[in-house]
Each structure stands twice: as C-alpha cells, then as structure tokens.
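Chemist: Dropping a prediction and its sequence here:
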Amino acid sequence: MAIFSQAGKKVQFVGSARSILSNSGFETQQEEDTVTSRKSAGGYALIDLGFKINPNASTEILGMIRIKNSLGGFWGSNVAFDVRQLYVRGVAGNVLRYQFGNIDYKMTPYTFYNHNADMLLAGTGVLKMKEDILNYESFYSKNNTWRQQGAAIDFGLNFPKVVKDIKFNGFITRLNPSNLTNIFERFYGGGNMIVHQSKYLTFGLNQVSVFDLKGTASSENAYKNSVSSITYDLKLDQEKWKIGVKGESGISKAGYALDTSQLEDFFANTQLYVKLKKLNLEVAAGYMNNGADFRSAGAQSKRINYSQSNNFFDRYTNNQIQRGISMYDLYNDPLLYASSISTGIMTYDPSVNNALPYGTATFNRKGVYSTLHYADSAEKLTANVSYYNLSEVRGQGTLNLKKFNYLKSDVKIDLGKTFAMKRDLSIEIGGSYQLTKRESQIEFEQVSLTAGALSLGGQFEIVDKLYLLANVYHFESKGNDLLPVRNTKDEIINFSVYNTNRFENYYAGGLKFQFSPEIYLSAFYETNWNNGNGFNPYKLNQFMIIYNMKF
Amino acid sequence: MKKSILYLLIAIPVLFSCRKKEADKFDGPGLNDVYGAFSVITPLATNVDSVDFSIGQTVVFTAELSKITDWEITIKGQSSGAVKRIEGTSSTIDASVATWSGNTTDLPIFKEEICDVKISFSGESDTLETTIKIIHAKLNPGFLVADFESGLNPGWSSFIQSGADMDFQIKTDSSAAQGNSYYNMAGTVDWDYLIGYLYFPASAYGAPQYPLNANPDNVYFNLMIYGEPGLVNTILLFQFQEDEDANGGFSNASEDMYSLQIPVNWAGWKMVSVKYSDIPCLVNGSPSSPNGNGQHNPDKIQQINMLDLANPVTGNAKTKVDYILFTENAPLNP
C-alpha cells in the first residue's frame, strides 16, 4: 500500500490492525460467592495507521494514529483516537543519523535496557500470539528497547591505524513534565562510544543519567541517577572455534540533592565464552557482582509493577478480596505493563523471579552463571540453558545472605524439518526453577522458597496454512521469604512476611489460519486453574478470536 | 599476539570482579528487632542513688534489651506526686536517650524526696523498677515574681470582694505545684466579674521596673495554675503595665498595658508560658491598640496585676496559682 510519486515512494502507509472478541468465565469453589460476576464478554477492533513520508532520500517522517472501537460501541461511543507514534529521522550530511520524537532505545544491560524478568519462558502456540500482542501494545521490541520520547543521534568514524572505527551514540528523553510546583521536569540522557579496535577487541564507554532540571519546580531537592560503565569483548575467532571474554563493569550514583548521602556502588559482570562452530554449540561461564547500592533506572525498571491491581476479574468472593496478579494475567492483560522507565524500585513477585527480579542489572547479587546455546544449522533443534548460582552482596536485616539457584531452559524441536514433513510441526518445551535459601540458626531469619514453571506448546499445520495450537503451562511456588518494605526514598524500613503455596495450571487449544506471515486469524479456548495461594481457588476460562495483521 | 590476548583474557575478569567486603553490615532494620523475642538483657539501673539537681547533677538510666522496643521510663515523686516521663525506641537505654536533669512532665515540680522509677515496654508485660533520691530539686533560672513560700510580700497589694465563701490566702499543703505553698483564690461574687486581685509592683522587689531583658522576644512569662475539677468559671487576667517615661508611675492614657487573659478550663495543675511579645493589648477582653509607644518593653514593666475574674451569672470560681516566674530565651522547663 503505497503512493508512488515521480521520484519513487514518497508516502507509505504502515501499521497494523487487530480485532479481538472474547467471552470469559470465572468460577470459584466458594458456593457462597454471590457477588462476583461469572461472565464477561468484550473485545475491540483497532487500527494503527501510520503515514511514513520520505520528503527526500535522507529523511523519514512517521505519524501513526490509533483508532480503537470497543465491542458494543456504535455511532462514535467507545471510540478512542490516539497518537501511537511520531518521529522524524534521517541522515545529515551522510554522517550523522538522527531521530526526534518516539524512539525505541537501549544501550547496555546495566545502563539502559528493557529486561524481561517476569516472562521467563519463551512463548509458543497460543501464548506466543498473546505475548506478541502484549509486546506490541507496550512498545517492547525483541531488542529489549524502551519506547521514549526525545532525540537520538549516532555517527561513526573510521581510522586507518590503531583502531578500525569508533561509533558514537547519544540520546536525550523526557521522563515526566513539571507541575511548576513540586515536580521537576525530569530527563534521561546519555550516550556511548564503541571502539572497534581490531578483530580481537571491541570496547565501549557508556554513560546515562536521569536528572531533574533545576528551576522547573519550586523545590531544590532534585533527583539524579547516573551510571557509567565500560563494556568489552575480547575474542579470538578461528575457523573451528571462537573464544572470548566479554562483559560490563561500572559505577552508579543516585539520590536527591538535599540528601546527606548518596547511594553509590559498582557492578561487574564478565564471562568467558567458547563457540564450537562444528558442533553449533556456544557455552559461557561468567561471574557477576552487582553492588547492593547499585541503581540504574534505565536498566532496573521492570515491565510490571506488582503493587498494582488486576484489571481482569480484579476482585472475587463475597468479601471481594483482590485477585493477585497471576501468571495467566501476565499473558492476558496489556494494561499491567509499563511503557516507561521508573526511578523508584518497583515491586516484584518473588514467586515469579526472586533470583534476578530486575534482570541482569538486579542490585545486590553476586555469583557465577553459565549458559549454553545450541542450534543446528537447519534449526531443527534449538536449545538454551542457563544457570545462576547467586547470593546477596549485603544482607537484608541480617548478616546472613540469601542464596539463589536459578535454572532455565527451553528446547524447540522442529519435527517438520527433522522428519522432512511437508507440514510445519514444532514443539517447544521450557522450564524454569528457582530456589531461594537463607540459612540461619534463628528461625525467623530462615528463608526457603522454591518456584518453578513448565511450559509445553506446539503448533501443527493440519492443512495448508491452518495450524492446530496447543499449550500446557504449569506454575508453582512454595515456601517463605521476608520481603523488604521501602519508604519513598527506597530505604528499607521494615520487612513483610511472604508465604506462598501457589500453583496454576493453564491449558489452551485452538486453530490459527495464517493468511501470510503478517496476517492470521485464530480462535482458541483457554482455561486457567489457580489455587489462590491455598485459600480461595478460582478458575478462569476464555474463548477468544483474534484477527491480526501488520502492513 | 595470542599471548597478549590470553593475558587480557585472564586480567579482565580479575580486574572487574573485585569488590569490597560487606560482611559487617546489612540493609534495613535488623530482623531480630522486627521479629525477635523480647527480653531484658541488662536490668534498669541508675548512675547514682541520690542526686542534687541544684548543682547540675543528672541521673542516667541504663538498660539493655534484646531488640529495638518502644519504652517509657516513669519517675514519680513519692511526696509531691510529680511525674517525669522519658520515652524512646531503642535496644540500648543509656545517657544519649535517658538522662534526667530533674525536670517535670506532669506538675507539681519535684521536691527533695524519694522517687519511684519504672520502665515499661510497649506490647510487653515486663516492667523494671528502682528508686532515686532527690537531695535538692532543680533550680530554675529567671526572675521570680512569686512562689508564695515566704508569705505575702508586703509590697504587693490585694483586694477581695465581699462575696460568699471568699478564700484568698496562701495555703501550705502537699498540693503545691512548687515548694509547699501556693496562693488560693476562691469565692462567689454575683454582681461583678472581679472576685479579687493581687498586684505585684516592681517596687516590691526594690526596683522601679522589673529587671528583665529589653527584647520582648527573649522574655517568657510563666506560672502554674490549678484548675478546680468541675469548675470552669475562673478567668485569670494578668496586666503588664509599662512605665515608658520612667516617671515611677503608669498612665493608662499614654503608656502601654498588655494583658494576658487565661480561662481556667482544665483540671489540675498546668504550666502556662507566654512569650512577652505575644501578649496582646486588651480592652474588655478584646484586642486593642496600646496607648503608649506600641512596643513591648519588658524592661519597663512597672507593675503586674493578677485579677481573678468570673462570670457572676454562672456561679463561684476557684483556682490556685504558684511559681510566677520570668525566664529568658525559653519557656520554663520546670
């Protein structure tokens, strides 16, 4: 879909369209629950219509609007118009690339990075479709970027000697506006310099800062969080194998101007990796040490803040207790996801991820880890395994440290390719297991928490372009922990007892017709049984039809 | 080249993976203080058995607890009934949080007496007790107008209406707020607000004007007033007459008089402290402009009038006053 001018594509239409219809049922085992509604039906149709304009060969302008009509809205009611994306980008003088407006940006895992610390297992089948929608709605990309509003530039220099080339990147974004009284204009900016010295060595210098613009509020108590790091990749690449050391180390500082002391700490993460090219195998072993006071807003912002309430059947039983965020909700509710970075420490769910709740950039963690990646050349079999053996750097409320064991793996088998079938048949198995322990002779200091998830999914092309989808997901956590309670300055002021005896079972099955790689129509049924942490079990059922296209 | 890379491969992890030991500290409050069992490790003790507050001695209370706890030390005079309370939240009770210089929380003021000391803990049934003997009570710096310990000063002047049950006199008994004596004012006058008065001219102290600091922000007027339980009829009015022209007298037409009106609507002893610069000029109880230079001049106060008033319609009035004292820079800390 493009309008052609005499000079070529001047204007293009890009975007996506989606329509969802759902019919949900909620069941509790409490017969006396006469308050909670048992059924919910809804849906919407939306179109994200973008106009990509190329006024010249080096400039691109994109404006995308969203028109969304909720199910049951007629004659303009329940219709929302939003601006979804706006940017101008281009190349100045064939040297400097720039982008203004909405930018999807990341730097390094410790400076500016959108870690996915809550959805530990790769989705497939029905879960893959739902995960894709969540990511699209929240502006998450496969590259772990955060959608920001601001400006970014980059340029590179080539050299004849000493170093091959140097790339410079910089960005500035606005996190929140001032209210002209007590809230500052808050910005986030930084940049890096990547030096490609030779085929053996690449290193980078990275710097990011969240800062309040003084004078934009009547207060003098401006916030600042700056992170500086060095990244490096030193490698020896041979015909049959590759070996190298890569990692990132740096320092951070965070606090308010009027605070008597600032949080300062450092972090280090380094790994030795080996790639055996004939075996299609890559293994790595590393050590990480993230200080207890290491703070990096751009890398420690979570996608989900667990202190928020559910939006879908948010209360149940006659007492209308709150239904906590479950694994099912993580796949089902786009409204739970944040679209911007946060300067405060966000609440996490220790049952979901206690070892690295803020991803690799989680503060107060040290230990060793190893990873394994295998993918044969035809991608008949792909396997990823990672294992972390970590502990706290500094205890919380005690000198005894929590220890974390975290194993995660997923294996994808393409049976269609393996057995040379005409149809696509693939299955994916994933599992994660976390164990948190704190040994102590004092009973109330003892922590023992296990959490695990197992996912099995697949899709089978039963006739041309028509797929049968199936998923099974099991989640379980059991044990106890003591979770820090923080004040507005993120200082620990108390501890809350966390006891869990929770499990969920999820089953889904359906059909998907793939018109093209970018267009599909799917109908599926899913059911999720949740034991309500042993107190108020419930069951969620949902029949859903999704039509999705990108253009 | 390969050797160099090998050395770097080894050096980089070592270089970036060292960090300081943090084995001796933890984040947040200690779990023992949040979830630990309470017990007294070291019982309540004092640094002295007897204390002379008049020469600046203090009492330091000490105790050691198993966890951070809200605690309260209550010191009660066996004779006076005076009470001093010291509160805190800690696991160690020492001089930094539990030092007593002889002051009082609940009037009356401590006397030379034996005091019972008790420490209690929030949410715990445990209490610890000891005693301390006061050899001499705390001395309070300032200019003493009246403590009624030596009878009426002949320089003072008084008037008592001829109403019913009139009882204007110094009384000596254990209920005094300070020392052993106080001034009692009681009676019923059903035709006038004025029940009686007592005037304190500066001449009674051998000076034409009160010897006070000239800065009204630094001068505090303090006294202790007893409210009779069930009787809220009494109004105490203090008038501060300034002799601005230093002619030895006060002229209402050309000099300032500031008035402090105190409705005695509480039961028991209470200390009232007012910064002199906060005392307004009143005419018939309503704020007004002073007739003199309009400035508070505590060093020019020539006479203080204490008037005992009550609404004649609502019945009798009864109150006591004690320990009228000017202090500098801060209210009296009895």
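Modeler: That came through, no problem.
Chemist: Would you enumerate the residues in contact with the closest residue to chain A within chain B?
Modeler: Nearest residue of chain B to chain A: residue B:28, at 3.0 Å (C-beta to the nearest C-beta). From N, CA and C alone the C-beta is placed, and that goes for glycine too. Residue B:28 is in contact with A:396-397, A:484, A:491-495, counting by C-beta atoms under 8 Å, 6 or more residues apart in numbering or on different chains.
Chemist: give me that answer again for 10 Å
Modeler: When contacts are counted by C-beta atoms under 10 Å, 6 or more residues apart in numbering or on different chains, residue B:28 touches A:395-398, A:482, A:484-486, A:491-495, B:34.
Chemist: and if you look at residue B:235?
Modeler: By C-beta under 10 Å, 6+ apart, the neighbours of residue B:235 are B:193, B:195, B:261-265, B:285, B:307-311, B:317, B:319.
Chemist: Any idea which of those residues the model trusts least?
Modeler: Least confident entry in the contacts of residue B:235, by pLDDT: residue B:285, with 84.
Chemist: Check which helix or strand the residue lying closest to that residue once chain neighbours are set aside maps to.
Modeler: In space, and not counting its chain neighbours, residue B:285 is closest to residue B:261: 6.1 Å by C-beta to C-beta, 6 or more residues apart in numbering or on different chains. Following DSSP states H and E, one finds residue B:261 within strand B:257-263.
Chemist: Can you tell me the closest non-neighbouring residue to residue 172?
Modeler: Picking chain A for this. The nearest residue in space to residue A:172 (C-beta to C-beta, 6+ apart) is residue A:189, at 3.9 Å.
Chemist: wait, I meant chain B there
Modeler: That would be residue B:181: by C-beta to C-beta, 6+ apart, it lies 4.4 Å from residue B:172.
Chemist: mind listing the helices for the stretch 201-334 of chain B?
Modeler: In the stretch 201-334 of chain B, no helices are found when defined by DSSP state H, counting those that start in this stretch.
Chemist: Poorly predicted segments of it, please.
Modeler: B:315 (pLDDT under 70).
Chemist: Give me the helices and strands touching the longest helix along chain A, please.
Modeler: Using DSSP state H, we find that the single longest helix of chain A is helix A:125-137. The contact analysis (3 or more C-beta pairs under 10 Å, 6 or more residues apart in numbering or on different chains; DSSP states H and E) places helix A:125-137 against strand A:8-28, helix A:327-332, strand A:425-438, strand A:447-463, strand A:466-486, strand A:492-516, strand A:519-530, strand A:538-550.
Chemist: Determine which stretch of these is the most buried.
Modeler: Mean neighbour counts were taken over the helices and strands packed on helix A:125-137 using mean count of other C-beta atoms under 10 Å in any protein chain shown, and the top value, a mean of 23, falls to helix A:327-332.
Chemist: gap between it and the chain center?
Modeler: 14 Å (C-alpha atoms, centre = their mean, to the nearest Å).
Chemist: Render the CA-only coordinates of that helix in CSV, please.
Modeler: Taking Å, rounded to 0.1, in the frame of the first residue of the first chain, the C-alpha atoms of helix A:327-332 are listed here in CSV:
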residue,chain,number,x,y,z
MET,A,327,1.0,-15.9,35.5
TYR,A,328,-2.1,-16.0,33.4
ASP,A,329,-2.6,-12.3,33.8
LEU,A,330,1.0,-11.7,32.6
TYR,A,331,-0.1,-13.2,29.3
ASN,A,332,-3.6,-11.8,29.2
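Chemist: From the contact counts, what lies against the helix or strand following that helix?
Modeler: Where DSSP H and E defines the elements, the next helix or strand beyond helix A:327-332 is strand A:365-375. Applying 3+ C-beta pairs under 10 Å, 6+ apart, we find strand A:365-375 packed against strand A:263-276, strand A:281-290, strand A:381-391, strand A:403-414.
Chemist: Ok, which of these comes nearest residue A:499?
Modeler: strand A:403-414 (18.5 Å; C-beta to C-beta).
Chemist: Quick check: neighbours of that closest one in the sheet, parallel or antiparallel?
Modeler: strand A:381-391 (antiparallel), strand A:425-438 (antiparallel) (DSSP bridges).
Chemist: report the angle between the axes of that strand and strand A:447-463?
Modeler: Relative orientation of strand A:403-414 versus strand A:447-463 (axes from the mean of the first three to the mean of the last three C-alpha atoms, to 10 degrees): 10 degrees.
Chemist: List the buried residues for strand A:403-414?
Modeler: Within strand A:403-414, the residues that qualify as buried are A:403-414, counting by 16 or more other C-beta atoms under 10 Å in any protein chain shown.
Chemist: So which of those residues is the closest to chain B?
Modeler: Distances from chain B to these, taken by C-beta to the nearest C-beta, are shortest for residue A:403, at 14.7 Å.
Chemist: Report the beta-bridge partner residues of residue A:470.
Modeler: residue A:458, residue A:509.
Chemist: Against residue B:219, how distant is it?
Modeler: 88 Å (C-beta to C-beta, to the nearest Å).
Chemist: How about the residue of the stretch 401-550 of chain A with the smallest separation from chain B: what's its closest non-neighbour residue?
Modeler: Closest residue of the stretch 401-550 of chain A to chain B, C-beta to the nearest C-beta: residue A:492 (3.0 Å). Once flanking residues are discounted, residue A:492 sits nearest to residue B:28: 3.0 Å by C-beta to C-beta, 6+ apart.
Chemist: Let me see the contact set for the residue nearest to residue A:172.
Modeler: A:150-152, A:170-174, A:207-211.
Chemist: Good, wrapping up.
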